[in-house]
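**Student:** Got a predicted structure here, sequence first:
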Amino acid sequence: MDFSQEYQEKLCTPAEAVKVVKSGDWVDYSQTCSIPVKLDAALAARHAELADVNIRSSITMQPLKVVEEGEGSFTYNPWHCSGMDRRYIDQGKAFFNPMMFRNVGSYYRKGYAPVDVLMLTVSPMDAYGNFSTGLTNCCVQDIVDVAKYIILEVNPNMPRVYGTTGDHIHISQVNCLVESDEAIPTAMAPAATEIDRKIAEYIFPELSDGMTLQLGIGGMPNALGALVAESDLKDIGMHTELMSDGYLTLYKAGKITNMKKEIDRGKGVFSIANGSRELYDFLNENQGIYSAPIGYVNHPETIKQFKNFVSINGCIAMDLYGQVCSESAGTRHISGTGGQLDFVTGTFECVNGKAFLAMSSTFKDKKGTVHSRILPKFTQGDIITTPRTQVPTIVTEYGMAHQVGLPTWMRAENIINIAHPDFREDLIQAAEAQGIWRHSNKR
Ligand SMILES: CC(=O)SCCNC(=O)CCNC(=O)[C@H](O)C(C)(C)COP(=O)(O)OP(=O)(O)OC[C@H]1O[C@@H](n2cnc3c(N)ncnc32)[C@H](O)[C@@H]1OP(=O)(O)O
Ligand SMILES: CCCC(=O)O
């Protein structure tokens, strides 16, 4: 088998490749590190001749030309937002696409998310005609299966990552391809703050040897990663939606062996990766790691097979009823549901599952005013990411608030105990007015 002739026949320039896009089409860019840079620029250059083209993607890490140069012709619809995506939404150039992450693949398969053209970055072809999907497995197989036309942007900087379904695309499935040597975008995790470190210290005693760990984004998971790296904990397993540098720190410290995992033993599993170039090099042809579809990684049926599973994610605000908002600030869109509800739900199903949602107790706005993240009730349009029926333990720098199985007055008391002291009295009065404060509650 020699696929080099087919490769040459399908090779074209970005401008030639994007000619297939018509007004009214839905174009899919895969997500985050796999967004095709040259094809995006070539498509944006056609803005004067196109109208009402919809782009689907997520978590952009560098400017999208169709958004920045194609206003009026292209509408960008992210499934999940990076800082850049939320600025596009703030500017009215993009519109969030709500989703449950484990189900996104089925949105494509069931026809709710049509795809006229798929274009994405992949690593160079191997001897068998396969292009690795590299850092983004996610739901690429579902998109490939339904896309009417597939264009690859082949880039030697995309690591070749082994995996299950969705880890590669064969040249026979592809309509055309272009070549690129653009750097794959990197994302540096925010430095951990003193508050992050305090939260990590509350969670740390809940961890044990042999656990399987899912870490979300942000400074707090990094702080926890650093604590674990310096601890005596051993034989940790990785099963995570997002692989970022926090895990690389744990691998480098010898903490992750994956040998105690009940499933996928010996393999660290992720669905999307973004972080440093060092992380991408670590993933390249690493047989100890595999990428898998989000529909597998995030599914409660998968997660429940782990006995000792620990899930740690961030949130933005919560109310005294135990509802958690992790994706908006009032009506301002911030990030997305992502895998939060998937992991909270799945972890509850595990024999010894422990899920934590973490946030600082207060937020300082751009004018310097300090607000409590713990609110009496949500009234400003905040989106509920984790409903109170599924909410696990909440952690701030003042401690942990257990919620599962507790009546309203106990939930409210636990939540107020982890609020910033300056806001506690007002919260107690609100709880009383809302009828969720019992006369014997501690003050
Ligand atoms: C990868 C995984 O996590 S896997 C599965 C889990 N997925 C999830 O949990 C998804 C939902 N969670 C998240 O997206 C994140 O954990 C977040 C958004 C809650 C926290 O992430 P961080 O990176 O620590 O958020 P950060 O503190 O930088 O705030 C993000 C933005 O929200 C704004 N913001 C945060 N809290 C508030 C608030 N209470 N009021 C107003 N704005 C706020 C910040 O100002 C910032 O906006 P800016 O970029 O315009 O300045
Ligand atoms: C890739 C990050 C999406 C999420 O927060 O779940």
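**Tutor:** That came through fine. Ligands and ions are numbered 1, 2, ... in the order given.
**Student:** And the pLDDT for the most centrally placed residue in the chain?
**Tutor:** The centre of the chain sits closest to G338, judged by Cα atoms, centre = their mean, with a distance of 5.1 Å. Predicted confidence (pLDDT) for G338: 96.
**Student:** Near ligand 2, which residues of this protein? Just list them.
**Tutor:** 59, 80, 101, 217, 241-242, 272, 338-339 (Cβ under 6 Å from any ligand atom). Heads up, the C-betas are built off the backbone N, CA and C, glycines and all.
**Student:** Just give me the longest helix of this protein.
**Tutor:** helix 421-433 (DSSP state H).
**Student:** ok, that helix near ligand 1 or not?
**Tutor:** No - using Cβ under 6 Å from any ligand atom, helix 421-433 stays clear of ligand 1, coming no nearer than 12.8 Å.
**Student:** Is the residue nearest to the centre of the chain in contact with V104, as I believe?
**Tutor:** No - with contacts counted by Cβ atoms under 8 Å, G338 stays clear of V104, the gap being 10.6 Å.
**Student:** quick one: least confident helix or strand in the protein?
**Tutor:** Across the helices and strands of the chain, the lowest-confidence element by mean pLDDT, DSSP states H and E is helix 219-229, at a mean of 86.
**Student:** CA atoms only for stretch 66-80 - export them in PDB, please.
**Tutor:** Output in PDB follows, covering the C-alpha atoms of stretch 66-80 (Å, rounded to 0.1, in the frame of the first residue of the first chain):
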ATOM      1  CA  VAL A  66     -13.600  34.400  10.300                       C
ATOM      2  CA  VAL A  67     -14.700  36.300  13.400                       C
ATOM      3  CA  GLU A  68     -12.200  39.100  13.200                       C
ATOM      4  CA  GLU A  69     -12.300  39.800   9.500                       C
ATOM      5  CA  GLY A  70     -15.500  38.200   8.300                       C
ATOM      6  CA  GLU A  71     -18.100  40.000  10.300                       C
ATOM      7  CA  GLY A  72     -21.500  39.900   8.600                       C
ATOM      8  CA  SER A  73     -20.700  36.700   6.700                       C
ATOM      9  CA  PHE A  74     -19.800  34.300   9.500                       C
ATOM     10  CA  THR A  75     -21.500  33.500  12.800                       C
ATOM     11  CA  TYR A  76     -19.300  31.700  15.300                       C
ATOM     12  CA  ASN A  77     -21.100  29.300  17.700                       C
ATOM     13  CA  PRO A  78     -18.700  27.900  20.400                       C
ATOM     14  CA  TRP A  79     -19.600  24.900  22.500                       C
ATOM     15  CA  HIS A  80     -17.300  26.100  25.300                       C
END
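**Student:** And that stretch, what's buried?
**Tutor:** For stretch 66-80, the buried set under the neighbour-count rule, 16 or more other Cβ atoms under 10 Å, comprises 66-67, 69-70, 73-76, 78-80.
**Student:** re earlier: quick check, nearest of the residues of the chain next to ligand 2 to ligand 2?
**Tutor:** G338 (2.1 Å; Cβ to the nearest ligand atom).
**Student:** Quick check, the residue in the stretch 301-443 of the chain closest to ligand 1?
**Tutor:** For the stretch 301-443 of the chain, Cβ to the nearest ligand atom, closest residue to ligand 1: G314, 2.6 Å.
**Student:** residues near that residue, how many?
**Tutor:** 21 (other Cβ atoms under 10 Å).
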